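Visitor: Here is a sequence together with a model predicted from it:
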Amino acid sequence: MTTALTAPGQDVHQRPSSTREHLTADTTRAVLRIQQRILASTRELLTGDGFDELLPPVIGPVTDPGARGAKQVDIDFYGHRWKLMTSGILYKQASLLTFDKIFNVAPNVRLEPLETATTHRHLVEFHQIDVEIAGAGREEAMAVAEKVVSGAAAAVLEHLPAELELLGRDTDALRRTAEGAFDRIGHDEAATALHRLGHPQDDHAELDWVGEELLSRHADRGFFVLDYPKGSRGFYDREDPERPGVLRNFDLVLPEGFGEVISGSERESDYVQLLTRIRETGENPAKYKWYLDLAREGLPASAGFGIGLERLTRYIAGLDAVWQATAFPKLPGVVSP
Ligand code: AMP
Ligand code: MG
C-alpha cells in the first residue's frame, strides 16, 4: 500500500514530496472517491428538491470583494482588466432571473495571504458548492445547508466504509454530523465564549482562524454562527432592518477542530441599498455596473450559501490539512502544478 498522507511529525502545511507520490497514493484515491460521493449526494439531493444546476462563470469584470485578506487575480480581457472568480455570488443572484432555486459547483481562485499556508484550511484554488434560493430567508437556506452536509456525511458512511477505514476516520463523530440537528449561536455569544476561553476576540469583527478552531474543538456537533457584524462581510449580505449593524447571515462551523465550512446569508437585492453598501465599503459602484443595472430593474430577494468542497471533503475524510482533499493542491506561496 502506498500512502502520501503525512506521517506524524511531518509538516502537514507543505505539499506532499512529489506530485506522483500524491497522485498514486491509496489514501489520495480514497479521499477523491469520498469527494465524488459528496458531489453525487449533493446533486441528487438538490435536484430532487427542485434545484437547477448551472455552470458557473470563471472570469468577469468584477468578482466578490468580500474574501477576507485575499488578493484577486487579474486577467487581460481584450484590453480590459478582468478577474478570476473569488466567488460567484453576484452571478448567483443574477441566475435567479432564470430559475428560482439554483446551485453550481464553482472553481474559485484567491491569492490568500502567506500566513494562511499554516491554517490547514486554505487553498489558493478551491471549489464551492454554491446554492441560492429566490424568496427564501435565512432559516430556509440553513435548512438546505444542514441537509446537504448531513446528507453527504451519511452517503459516505453508507457507501465508502472501506475508504473511511483506510483513512482512520472516527466514524462515531461523523455519524453525529450525519444526524444533522446542528446547534446555533449568535456571533456575540461566540465572541463571549472566546473571551471565556482566554482568546482575544474583537466583538465587532469576523471570528479569526484561531478562535474559530478553538470553538470548533470544544463542540461535539456542527453549529451555525448567526448575525455577523456589518463590515466583517461583503455588501451583498443583507443588514437586519431591526438590528442596524447586524447582518442576516450565518456560517456553519464543523466540530473536532475542522472549523468553518459554509458562509451564507440573506442577500441584499435592493438597488439603493446595494449602492449605499458598496459605497460604505469604499468601493466604486461603477465597477459593478452589470450587476447594479440588473438590481435597478429588479433582482429577486434571496438567501443562499457556499460550501467549501475541499473543506467538507477534509472533514468527512478526517484529514490533517485541506490540501490532502485535492489532486493538484495549490497552497499560498507554494509554486506547484
Ligand atoms: P467565504 O464566502 O469566503 O466564506 O467562502 C465560502 C466557503 O468557501 C468557506 O466557508 C470555505 O468553506 C471555503 N473557502 C473559502 N476560502 C477558502 C480557501 N482559501 N481554501 C479552501 N476553502 C475556502
Ligand atoms: Mg466565510
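Guide: Looks like it arrived, so ask away. Ligands and ions are numbered 1, 2, ... in the order given.

Visitor: When you work out contacts or count neighbours from here on, use the C-alpha atoms and nothing else.
Guide: Fine.

Visitor: Spell out which residues of the stretch 51-200 of the chain are next to ligand 1.
Guide: Within the stretch 51-200 of the chain, the positions near ligand 1 by Cα under 6 Å from any ligand atom are 67, 121, 122, 123, 124, 126, 128.

Visitor: Filter the residues you listed down to just the ones in strands.
Guide: Among those, the residues falling in strands (DSSP state E) are 126, 128.

Visitor: Just give me the closest of the residues of the stretch 51-200 of the chain next to ligand 1 to residue 287.
Guide: Residue 287 lies nearest to residue 67 out of these, by Cα to Cα, at 16.8 Å.

Visitor: Low-confidence regions, the stretch 51-200 of the chain specifically.
Guide: 67 (pLDDT under 70).

Visitor: just the strands in it please.
Guide: Applying DSSP state E, counting those that start in this stretch to the stretch 51-200 of the chain gives strands spanning 52-53, 59-60, 74-77, 80-84, 101-109, 125-134, 183-186.

Visitor: Tell me which other helices or strands the fifth one touches.
Guide: Helices and strands touching strand 101-109, as assessed by 3 or more Cα pairs under 8 Å, 6 or more residues apart in numbering; DSSP states H and E, comprise strand 52-53, strand 125-134.

Visitor: highest average neighbour count across those strands?
Guide: Sort the helices and strands packed on strand 101-109 by mean neighbour count, taking mean count of other Cα atoms under 10 Å, and strand 125-134 sits at the top with a mean of 23.

Visitor: What is that strand packed up against?
Guide: helix 89-95, strand 101-109, strand 302-308, helix 309-317.

Visitor: Now distance to residue 106 too, for the helices and strands packed on strand 101-109, in a markdown table please.
Guide: Listed next are those as a markdown table, based on distance: least, Cα to Cα, whole Å:
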| stretch | distance to residue 106 |
| --- | --- |
| strand 52-53 | 11 |
| strand 125-134 | 5 |
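
Visitor: quick one, what contacts residue 267?
Guide: When contacts are counted by Cα atoms under 8 Å, 6 or more residues apart in numbering, residue 267 is found next to 236, 237, 238, 301, 302, 303, 304.

Visitor: For residue 164, state which of these is nearest.
Guide: For the contacts of residue 267, the nearest to residue 164 is residue 304 (30.1 Å; Cα to Cα).

Visitor: What sits closest to the closest one if chain neighbours are left out?
Guide: residue 132 (4.1 Å; Cα to Cα, 6 or more residues apart in numbering).

Visitor: quick one: the one you found and residue 101 touch, right?
Guide: Yes: here residue 132 reaches residue 101: they are 6.0 Å apart, a contact under Cα atoms under 8 Å.

Visitor: Among the contacts of residue 267, name the buried ones.
Guide: Among these, those classed as buried by 16 or more other Cα atoms under 10 Å are 236, 237, 238, 301, 302, 303, 304.

Visitor: which residues does residue 65 contact?
Guide: residue 234.

Visitor: now residue 289
Guide: Counted by Cα under 8 Å, 6+ apart, residue 289 has zero contacts.

Visitor: now do residue 29
Guide: residue 23.

Visitor: Check what pLDDT it gets.
Guide: We have a pLDDT of 98 for residue 29.

Visitor: State the number of residues packed around residue 244.
Guide: 10 (other Cα atoms under 10 Å).

Visitor: just checking, it is part of a helix?
Guide: No: using DSSP: H, G, I helix; E, B strand; the rest coil, the assignment for residue 244 is coil, not a helix.

Visitor: Can you read off the pLDDT for it?
Guide: Model confidence at residue 244 (pLDDT) stands at 96.

Visitor: now it: how far from residue 231?
Guide: Separation of residue 244 from residue 231 (Cα to Cα, to the nearest Å): 12 Å.

Visitor: Dump stretch 237-257 to CSV, keeping only the CA atoms.
Guide: Extracted in CSV, the C-alpha atoms of stretch 237-257 (Å, rounded to 0.1, in the frame of the first residue of the first chain):
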residue,chain,number,x,y,z
ASP,A,237,-25.2,40.2,3.0
ARG,A,238,-28.5,41.8,4.0
GLU,A,239,-28.5,44.0,7.0
ASP,A,240,-31.1,43.2,9.6
PRO,A,241,-33.7,46.0,9.4
GLU,A,242,-34.5,45.6,13.1
ARG,A,243,-30.8,45.5,14.2
PRO,A,244,-28.8,48.0,12.3
GLY,A,245,-25.1,46.9,12.1
VAL,A,246,-26.0,43.2,12.2
LEU,A,247,-26.2,41.0,9.1
ARG,A,248,-28.8,38.3,8.4
ASN,A,249,-26.0,35.8,7.7
PHE,A,250,-24.5,32.6,9.0
ASP,A,251,-21.5,30.3,9.0
LEU,A,252,-21.5,26.6,9.6
VAL,A,253,-18.6,25.5,11.8
LEU,A,254,-17.8,21.8,11.9
PRO,A,255,-16.7,20.1,15.1
GLU,A,256,-13.4,18.4,16.0
GLY,A,257,-11.4,21.5,15.2
